[in-house]
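Engineer: I would like to see how this sequence folds:
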Amino acid sequence: MTELQRRLESLALRVRQGIRPGLSGIRELDQRCGEPSKQLRAVVVAGTNGKGTCCRALEAIARAHGLKVGLFTSPHRSKFNQRFRLDGADAADAQILRWMDAVDHREFTFFEVSTAMAFFGFAEAGVDLAILEVGMGGRMDAVNLVDAVASAVVSISRDHEAFLGRELHQIAREKLGVARQGMPLVLGPKMEAYLGLAEATGAQVLLNGRDWRSDKRNVDTSSFQLSRPAHLLFDVLWDAASVAVPLAEALGLDDSAAHAQGLQRFRHPLRGERIGGVTFDACHNEAGLQAFAHWAQTQAPKADLLVALSGRDPQLLEPFCGQNRNWFCVAAHHPKATSASVLARWLELRGENVEALNSDTAFELLCSRRGDPQDSLLAFGSIYAMGPLRDRLEKDEP
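Structural biologist: Residues are numbered from 1 along each chain as shown. Take a look at the predicted model:
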């Protein structure tokens, strides 16, 4: 075991401590490290779904403008380093170790430490722009310690209700906590109902449908019109990516060609991602699964399905049932994972043809389908299962 592996194992044990809502922990840790958060020109992106895709698109647009960019997202697919990107590449092991040495203290949570590592690492690297994805909610999330120069809320739907509340306006209020008075706040499509809450923050609100527009093919701002890239398979992915355009424009990034280049070049693994005949998507909550089910029913009606769930009711799979598909189930690598056998049993009771797999037989299935026609197998659900399988498949490509 390497020193980094040992340190990461120790850090991972703190996941079991749970979540500590609020900024007191990250504030104290940031102060111990010399307050690197105050050295960053940062953007904070929140949203129930799509925030990671928006961050990836913004990263690519900013880099196409010549900026040095740091990107912090969560969770990772299969390697902790994937949470931290500098100029489009995952952080190296040596950087991760150095950042851990600088910030890690045992009394702080996993997410507080990883967030402080992003602050420290991006400040050390002297990035021109730090893009920070909210882990959960917004107002009380650790990344919200920064004094963001702009922010976005991509979407609002129900998730993490024990922490954020059950009512959509409660959830919206938490997510809109990333706004800063007098600074740009971009709202994603279909968020008109939350305009009052957004304006109450004192931010410069950029509302979809009023200050910028998007449809299934284009995005329009005050400066330019851009077309949807072909690699964004799902409408919800385009909805999320399109938010990056007015957000970048609000940051003063106004080169139309660089915007177009960024949208064409950016990729977000596990979000509508095709590897041969396999299509991956890490949809995991109700809104995400419903959107993916609609796409699957209309665009891939004969595809087989490989699924994993973590901390979710199998009832969320109902929109996929009754379509004469072959199902395969695998367990995620997570304490809240639903076992493959439990998922398979639930599907069998609904008359589905299903087989429970372990991670190795699931990987063999993916390998066997890689050479099949497009969308032969749809692999979706928990990132804690699909992430390691996807990365393993990519490494094994001929």
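
Engineer: rest of the way, CA atoms for contacts and neighbours
Structural biologist: OK.

Engineer: what strand or helix carries residue 306?
Structural biologist: Using DSSP states H and E, residue 306 maps to strand 304-308.

Engineer: show me what the helix or strand that that strand is followed by is packed up against.
Structural biologist: Later in the chain than strand 304-308, the nearest helix or strand by DSSP H and E is strand 326-329. Packed against strand 326-329 by the contact rule (3 or more Cα pairs under 8 Å, 6 or more residues apart in numbering; DSSP states H and E) you find strand 304-308, helix 340-348, strand 353-356.

Engineer: among the ones you listed, which comes closest to residue 50?
Structural biologist: Among the helices and strands packed on strand 326-329, the nearest to residue 50 by Cα to Cα is strand 304-308 (19.6 Å).

Engineer: quick check: angle from that closest one to helix 340-348?
Structural biologist: If you take axes from the mean of the first three to the mean of the last three Cα atoms, to 10 degrees, strand 304-308 sits at 130 degrees to helix 340-348.

Engineer: from the contact counts, what lies against the helix or strand hosting residue 116?
Structural biologist: Taking DSSP H and E as the definition, residue 116 sits inside helix 110-125. Applying 3+ Cα pairs under 8 Å, 6+ apart, we find helix 110-125 packed against helix 24-32, strand 69-72, helix 93-103.

Engineer: a markdown table for these, including distance to residue 251?
Structural biologist: Output for the helices and strands packed on helix 110-125, formatted as a markdown table (distance: least, Cα to Cα, whole Å):
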| stretch | distance to residue 251 |
| --- | --- |
| helix 24-32 | 25 |
| strand 69-72 | 13 |
| helix 93-103 | 28 |
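
Engineer: give me whichever of those is most buried.
Structural biologist: Highest mean neighbour count among those (mean count of other Cα atoms under 10 Å): strand 69-72, with a mean of 27.

Engineer: now the strand holding residue 306: average pLDDT?
Structural biologist: For strand 304-308, the mean per-residue pLDDT is 98.

Engineer: who does that strand pair up with?
Structural biologist: Under the criterion DSSP bridges, strand 304-308 sits next to strand 326-329 (parallel), strand 377-381 (parallel) in its sheet.

Engineer: ok, which of those strands comes nearest residue 218?
Structural biologist: The nearest among those, by Cα to Cα, is strand 377-381 at 26.8 Å.

Engineer: which outside residues touch the closest one?
Structural biologist: Outside of strand 377-381, the residues within contact range by Cα atoms under 8 Å, 6 or more residues apart in numbering are 277-284, 289, 303-309, 366, 369, 386.
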